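**Student:** Got a predicted model here, sequence first, then my questions.
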There are 2 protein chains.
Amino acid sequence: MADDDYGIRPGEQAVELPGQTDAALYFIGRIRTPWKKREDCPKNARESEAVCTIEVDARWAPALKDVETCTHLVVLYWMHQARRDLALQVPRHYGEQRGTFALRSPARPNPIAMSVVRLVKVEGTKLVVVGLDCLDNTPLLDIKPYFASTDSVPDAVAGWHAAKKT
Amino acid sequence: MADDDYGIRPGEQAVELPGQTDAALYFIGRIRTPWKKREDCPKNARESEAVCTIEVDARWAPALKDVETCTHLVVLYWMHQARRDLALQVPRHYGEQRGTFALRSPARPNPIAMSVVRLVKVEGTKLVVVGLDCLDNTPLLDIKPYFASTDSVPDAVAGWHAAKKT
């Protein structure tokens, strides 16, 4: 593969993917964002106060009951343009080699992204939220209530990342 | 389906699942826990200080580089025993009807669980962690670094849940 936006950079390592998959997903909606191209997306959701819309398929409308009582949600979505075979990556904005599981890069064996979003309002099957950084039309996989008791760890440290910032 | 542990309870509502799936997953390892049966699992990972082990397949060993610098991780795994068609549920321990997307129940269209775990140590391709509540041998989907800057929201409220506790 060419060393383009979806290719391998020096220092990166791909592995051979298994010959078969093990489970299957349903896309349950779409995420509408202002970003049509990868280079337009914010690098970090906290960089952006952009308002995005999660459009849930009508089939799952009843599943949204009580979601409006939540201030924050966990959103899982499918990074459908990402390659899945990278074990070592050199993210452009860090320039150092890291393991895939130490990164939030979309390139991973199962390109499921997880974002914590602030819920602005619910309008029928549309959720208006702040805190996403994905491409427009990204497939939606799941919505969960965010529980501060289990999901919030204010003093957590990702050592390699903290070191980069100082 | 019978009204058994995996059946439908009064007040629950199933929808017809789509005729086809949209994407496929690789299981990339297994989670070893002390719990062999569903009724043995803690209801909430914070109820348990049990030490669990995430066994990553050898294929993905290089992808663990730098993971040891993280104090906390996001773990995604596949709740392979859960039914996928429930839109409204009546969790046994709450006894009230809620939408699937307002619950952390394993039963959901894509039964992907998300847990925030504390990393105790890395031993080769095994991660020793605290904070899981799943069955032994649960298939692993992904490991991500936990970033307090984007993932921690200490004052988040799940309204229906907070109201239950008061």
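**Tutor:** Received the coordinates, thanks.

**Student:** Show me the beta-bridge partners of the most centrally placed residue in chain A.
**Tutor:** With the centre of chain A defined as its mean C-alpha position, the nearest residue by CA atoms, centre = their mean is residue A:113, 2.7 Å away. Under DSSP bridges, the beta-bridge partners of residue A:113 are residue A:77.

**Student:** wait, does the helix or strand containing residue A:88 contact chain B?
**Tutor:** Using DSSP states H and E, the element containing residue A:88 is strand A:86-89. Yes - using CB under 8 Å from any CB of the partner chain, strand A:86-89 comes into contact with chain B via A:86, A:87, A:88. (C-beta placed from N, C-alpha, C; glycine too.)

**Student:** Measure how buried the last one is and give me the count.
**Tutor:** It stands for residue A:88. 20 (other CB atoms under 10 Å in any protein chain shown).

**Student:** residue contacts, it?
**Tutor:** By CB atoms under 8 Å, 6 or more residues apart in numbering or on different chains, the residues touching residue A:88 are A:11, A:12, A:13, A:97, A:98, A:99, A:100, B:62, B:63, B:65.

**Student:** what's near enough to touch the fourth one?
**Tutor:** In other words, residue A:97. With CB under 8 Å, 6+ apart, residue A:97 has these contacts: A:11, A:12, A:88, A:89, A:90, B:65.

**Student:** Tabulate the residues you listed in CSV, adding columns for pLDDT and distance to residue B:146.
**Tutor:** As requested, these are arranged in CSV below (pLDDT from 0 to 100; distance: CB to CB, whole Å):
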residue, pLDDT, distance to residue B:146
A:11, 92, 25
A:12, 95, 24
A:88, 97, 21
A:89, 96, 18
A:90, 94, 22
B:65, 97, 17
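
**Student:** I'd like these as JSON lines, with distance to residue B:72 appended.
**Tutor:** What follows is the contacts of residue A:97, written out as JSON lines (distance: CB to CB, whole Å):
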{"residue": "A:11", "distance to residue B:72": "26"}
{"residue": "A:12", "distance to residue B:72": "26"}
{"residue": "A:88", "distance to residue B:72": "22"}
{"residue": "A:89", "distance to residue B:72": "21"}
{"residue": "A:90", "distance to residue B:72": "24"}
{"residue": "B:65", "distance to residue B:72": "18"}
